[in-house]
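> Could you work out the structure for the sequence below:
(one chain, ligands or ions: 1)
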Amino acid sequence: MTDRISPDGEIYYPTPEVVAQARVKDWDALAKSALADPLAFWAGEAEELEWYRRWDKVLDDSKKPFYKWFAGAQCNIIHNALDRHQKTGKKNKLSLVWVGERNEVRTYSYFALNRDVCKFANVLKAMGVKKGDRVTIYMPRIPEIVIAMLACAKIGAIHSVVYGGFSVDALQGRIEDSESKVVVTADGGFMNGKVVELKKIVDDAVRHAPTVETVIVVQRTGHEVRMEPGRDYWYHDLMKLPLATGVSATEVMDAYDPLYMLYTSGTTGKPKGLIHCHGGYMVGVYSTLKYVFDLKDEDRYWCAADPGWVTGHSYIVYGPLLMGATTFMYEGAPTYPYPNRWWHLVEKYGITILYTAPTAIRGLMRFGESWPNRHDLSTLRILGSVGEPINPEAWKWYHRGIGKGRCPIMDTWWQTETGMFQLTPTPVVPLKPGSATRPFFGQDAEILDENGGPVPDGEEGFLALKNPWPAAAITIYKDPDRYVNQYWSKYPGRYMAGDSAKRDKDGYFWVIGRTDDVIKVSGYRLGTAEVESALVSHPAVAEAAVIGVSHEVKGQAIYAYCILRKGFKESEELADEVKAHVGKHMGPIVRPEKITFVDSLPKTRSGKIMRRVLNARAQGLPEGDVSTLEE
Ligand code: PRX
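I've put the predicted structure just below:
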């Protein structure tokens, strides 16, 4: 990971073909005018979508940092994602092309997707789900996850998608905090040729969740699962009921009404449920996808993330549908059964835009260029990267080996909180491998020091965003104070991202990593606190501290330091058992790479674990200033 900042300062200019096709040819001109009047820019973007009632004010900032975009407007994101397309030729266009790990194919036109969403919306209503109710969705990457999300949005219910790779403790915590009435899941999913038993995990998780009245189960694997009478229903049975058929009215929402909540890890404590709303989110996601991936009617766009993360929410589900685009979704892992699975899919389905994460690129890079070289990848037009810094070596491999030097790479920096891209090029912007380039239209970013003073170009500091933007999370569920404290109080009037970064002399930003206790494992965001509490839930572990250590493929891997309880003796077997325990309770991605048993942990006198010291030890580096270390 040390080669991340391209040492020779290479610049990749767009090819004439890219410029000729680009929606915005003069980036500087649009960036300048949008920055001069961001509200006018955003109002213009909002005009391209349909509203039930127009806004009184583009931005009401009277209660900042609770910015209210399109104040007074009424809308529903589903109206723009599905309803309006029924009146145009898009009705017959493919909205979703899905391929299963076992090669099954399912396609949905905009008409068919809308029909199924209406049906499932009717089912949810019949189950008593009302506007504002929370619904937890815990599913594999299958079309029904999209249908369930859209059906919730249609009736004004708030979906809370929990990533299918998480396990029982993570799921239970999120169901409890959101007080969900309904859980939508599947009998299982296929990943790497194996079945992931989602329903069993749901059974364990809802046992202690009194708010859950109904569990709806999609049949995916056909494996036998236990169905609890009066609580559990098969999705396919419900969808056949007469009550499911017929149109379902799209609920009229205020622009600021919640659309969904998504849990993410922060500095301390439990994951927080960030809330995104219908109006501003819809405009921000639509506009960023349009300009950055330059989506056109003829594109076949593939965002290879999981719908369970914000990338999936914004850029698999909502963004492409708002654009009336064709989105591609694949159930399985990139290298199963062979490392050419993705390249085979690109060729077979004529993918034009591929958006993925550095960890996937590095993982595929390991197998060499002979795998992509077996396939015709000439349909690709634009590539994308998200989730963590991309090292120039991986960037160049992606650019050369996959994009054949033709396709610009959109390195998009953003967060669950921001809802939409913040630092990103568009196809015509000259690229520097490893830099997410410059702020999106209407946005401005700064590098600040501890006290909020500016940091000179080329030096590292805290990344802050200057302007409000429409797709920002509007609050943290049940904890608005935390929302203010976490993001908006360190630098008054600025959004504090929680990342460190540099800006170079050309105004390009280079994101380095998190400044807090967040670890990015394969691009997945995990909090040290969550992992530590899973570790101490093992009977042998008295105390634990975890850090993220640089990893060639995953970006970061989890290293855990554990103090054993009296009566337990350290051994390899015990370390493996503790790792398996974390994997079982929190999910495979949370499983530590390495466990070291220690007699004590470096702590400050006030009892805070000094992760900096653990990091230095793990890398064999000097421990630095340890004057605050407890005796
Ligand atoms: O550290 C940054 C990193 O991912 C964090 C946000 O994680 P999450 O909320 O899970 O959202 C990920 C997908 C939007 C950021 O604080 N990050 C995200 N994209 C990039 C990145 N770091 C460097 N370059 C990126 N392109």
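> got the contact list for Thr268?
517, 527, 529 (CB atoms under 8 Å, 6 or more residues apart in numbering). All C-beta spots, glycine's among them, are computed from the backbone N, C-alpha and C.
> what kind of secondary structure is the last one in?
Spelled out, it's Ala529. In three-state terms, and counting by DSSP: H, G, I helix; E, B strand; the rest coil, Ala529 is helix.
> Can you give me the distance of it to the ligand?
Using CB to the nearest ligand atom, to the nearest Å, one gets 16 Å for the distance from Ala529 to the ligand.
> Measure how buried that residue is and give me the count.
Other residues lying near Ala529 total 18 when counted by other CB atoms under 10 Å.
> Quick check, pLDDT for the residue of the stretch 301-450 of the chain found nearest the ligand.
Distances between the stretch 301-450 of the chain and the ligand by CB to the nearest ligand atom are smallest at Thr416, namely 3.4 Å. Turning to Thr416, the model gives it a pLDDT of 98.
> any idea which element it lies in?
Assigned by DSSP states H and E, Thr416 belongs to no helix or strand.
> quick one: the helices in the stretch 351-500 of the chain?
Shown for the stretch 351-500 of the chain, the helices assigned by DSSP state H, counting those that start in this stretch span residues 358-365, 370-373, 392-397, 480-483.
> Most tightly packed of those?
helix 358-365 (a mean of 23; mean count of other CB atoms under 10 Å).
> Please list the outside residues in contact with that helix.
Residues external to helix 358-365 that are found in contact with it (CB under 8 Å, 6+ apart): 304, 334-335, 339, 342, 371-372, 385, 387-391, 394, 397-398, 401, 522-523, 552-555.
> 6 Å instead, please
Applying CB atoms under 6 Å, 6 or more residues apart in numbering, the contact partners of helix 358-365 are 334, 385, 388, 390, 394, 397-398, 522-523, 553-555.
> Point out the residues in this protein that sit beside the ligand.
264, 310-311, 386-389, 411-416, 436, 497-499, 511, 514, 520, 525 (CB under 6 Å from any ligand atom).
> now those residues: which count as buried?
264, 310-311, 386-389, 411-416, 436, 497-499, 511, 514, 520, 525 (16 or more other CB atoms under 10 Å).
> Pull out the buried residues from stretch 577-592.
For stretch 577-592, using 16+ other CB under 10 Å, the buried residues are 578-579, 581-587, 589-592.
> least trustworthy helix or strand in this protein by mean pLDDT?
Sorting the helices and strands of the chain by mean pLDDT, DSSP states H and E puts helix 611-619 at the bottom, at a mean of 89.
> Run the chain-centre distance for it.
28 Å (CA atoms, centre = their mean, to the nearest Å).
> for Trp302, helix, strand, or coil?
Going by three-state DSSP: Trp302 is strand.
> I'd say it and Phe328 touch.
Yes. Trp302 lies in contact with Phe328 (CB atoms under 6 Å); the separation is 4.1 Å.
> phi, psi of Met261?
phi -120, psi 150 (degrees, to the nearest 10).
> right, and it touches Lys272 too?
No. Counting by CB under 6 Å, Met261 does not reach Lys272; the two are 9.4 Å apart.
> distance of Asp481 from the ligand?
Applying CB to the nearest ligand atom, the value for Asp481 to the ligand is 20 Å.
> ah, wrong one, I meant Ala473
10 Å.
> re the thing from before, return the set of buried residues in the least confident helix or strand of the chain.
Buried residues in helix 611-619, counted by 16+ other CB under 10 Å: 611, 613-618.
> One more: stretch 469-488?
Neighbour-count burial for stretch 469-488 flags 469-477, 479, 482-483, 486-488 (criterion: 16+ other CB under 10 Å).
> pretty sure Ala559 is in a helix, no?
No, residue 559 isn't Ala; it's Tyr. No. Read with three-state DSSP, Tyr559 is strand and lies in no helix.
> Please name the residues that touch it.
Neighbours of Tyr559 in contact, by CB under 6 Å, 6+ apart: 547, 549, 594, 618.
> looking at it, Tyr163 is touching Thr311, isn't it?
No. At 11.1 Å, Tyr163 and Thr311 do not qualify as touching, with contact defined as CB under 6 Å.
> For Ile512, which non-adjacent residue is closest in space?
Of all residues not flanking Ile512 in the chain, Ser500 sits nearest, at 4.6 Å (CB to CB, 6 or more residues apart in numbering).
> so how far is Pro258 from that neighbour?
Using CB to CB, to the nearest Å, Ser500 is found at 31 Å from Pro258.
> now Lys579
Distance from Lys579 to Pro258, by CB to CB: 37 Å.
> just Pro337 next, same as before
41 Å.
> which ones are touching the residue nearest the centre of the chain?
In the chain, the centroid-proximal residue (CA atoms, centre = their mean) is Val310; its distance is 2.8 Å. By CB under 6 Å, 6+ apart, Val310 lies in contact with 262, 416.
> Tell me the confidence at the closest residue to Trp397 other than its chain neighbours?
Spatial nearest neighbour of Trp397, chain neighbours left out: Met365 (4.8 Å); criterion: CB to CB, 6+ apart. pLDDT, Met365: 96.
> Among the helices of the stretch 351-500 of the chain, which comes closest to Trp27?
Set against Trp27 and scored by CB to CB, the helices of the stretch 351-500 of the chain come closest in helix 392-397, at 19.8 Å.
> and that closest one, how far out from the chain's middle?
22 Å.
> Can you point out the buried residues in stretch 107-119?
108-119.
> Sorry, slip of the keys, the one I care about is stretch 84-98.
Neighbour-count burial for stretch 84-98 [16+ other CB under 10 Å]: 84-85, 90-91, 94-98.
> what does stretch 13-25 give?
Residues 14, 18, 21-22, 24 are the ones in stretch 13-25 that count as buried (16+ other CB under 10 Å).
> Output these in CSV; the columns should cover secondary structure and pLDDT.
Conversion of those to CSV gives the following (DSSP: H, G, I helix; E, B strand; the rest coil; pLDDT from 0 to 100):
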residue, secondary structure, pLDDT
Pro14, coil, 95
Val18, helix, 95
Gln21, helix, 95
Ala22, coil, 96
Val24, coil, 97
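> Columns distance to Glu572 on top of these, output as TSV?
Below are those laid out as TSV (distance: CB to CB, whole Å):
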residue	distance to Glu572
Pro14	53
Val18	53
Gln21	56
Ala22	56
Val24	57
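> Just the pLDDT at Asp3, thanks.
Asp3 is given a pLDDT of 45.
> Using the three-state scheme, assign the closest residue to Ile609 other than its chain neighbours.
Leaving aside its sequence neighbours, Ile609 sits nearest to Ala545 (CB to CB, 6+ apart; 4.5 Å). Look at Ala545: counting by three-state DSSP, its state is strand.
> pLDDT at Ala545, what is it?
95.
> State the distance from it to Arg591.
From Ala545 to Arg591 the distance is 16 Å (CB to CB).
> What of Gln219?
29 Å.
> Show me the residues of the chain next to the ligand that map onto strands.
Secondary structure from DSSP state E places 264, 386, 411-412, 497-499, 511, 514, 520, 525 of those in strands.
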